[in-house]
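**Student:** mind looking at a prediction? Sequence and model below.
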Amino acid sequence: MAKITFMGAGSTIFVRNVLGDSICSPALADSEIALYDIDSERLKESEAILEAINKGKGGKTRITSYLGNGQRRDALKDADFVINAIQVGGYDPCTITDFETPKKYGLR
């Protein structure tokens with residue numbers, strides 16, 4: 001059984017797309033997924049989405065959640081794979097800059 005730790009699990013859509021595929025993969029279906037974030041509400045949303053996908057696929061995946069700096073080491077302990085999807089700098093200005101700069105040059 002593999003352990004997949006997702007750092008920045010508050011990114012709910014990304015969690016759904018990446019880890020939802022993992023749950024649906026026969027090779028990873030019986031894995032443990034450790035979700036980590038610093039935002040409790042967003043973490044709960046991601047966990048709920050993955051639990052629904054997991055239930056629909058037979059419930060073989062073990063999903064655990066870890067919140068805040070104090071639980072970061074626990075989330076990473078014994079991980080076979082780590083996905084790091086944290087956002088540094090917040091939405092404004094960082095995410096806005098990520099979209100506005102390419103737009104300035106005619107790129108999507």
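**Tutor:** Sure thing, it's come through. Numbers count the residues shown, from 1 in each chain.
**Student:** need the single longest helix in this protein, by residues.
**Tutor:** helix 40-56 (DSSP state H).
**Student:** ok, residues contacting that one?
**Tutor:** With CB atoms under 8 Å, 6 or more residues apart in numbering as the test, helix 40-56 has contacts from 9-12, 15-16, 19-20, 23-24, 33, 35-37, 60-61, 63, 65, 67. For every residue, glycine as well, the C-beta is placed using N, CA and C.
**Student:** show me what the lowest-mean-pLDDT helix or strand in the chain is packed against.
**Tutor:** When each helix and strand of the chain is scored by mean pLDDT, DSSP states H and E, helix 96-104 comes last, with a mean of 91. Counting contacts by 3 or more CB pairs under 8 Å, 6 or more residues apart in numbering; DSSP states H and E, helix 96-104 packs against no other helix or strand.
**Student:** before we move on, back to that, pull out the buried residues from the contacts of helix 40-56.
**Tutor:** Those of these that meet the buried threshold are 9-12, 15-16, 19-20, 23, 33, 35-37, 61, 63, 65, 67, by 16 or more other CB atoms under 10 Å.
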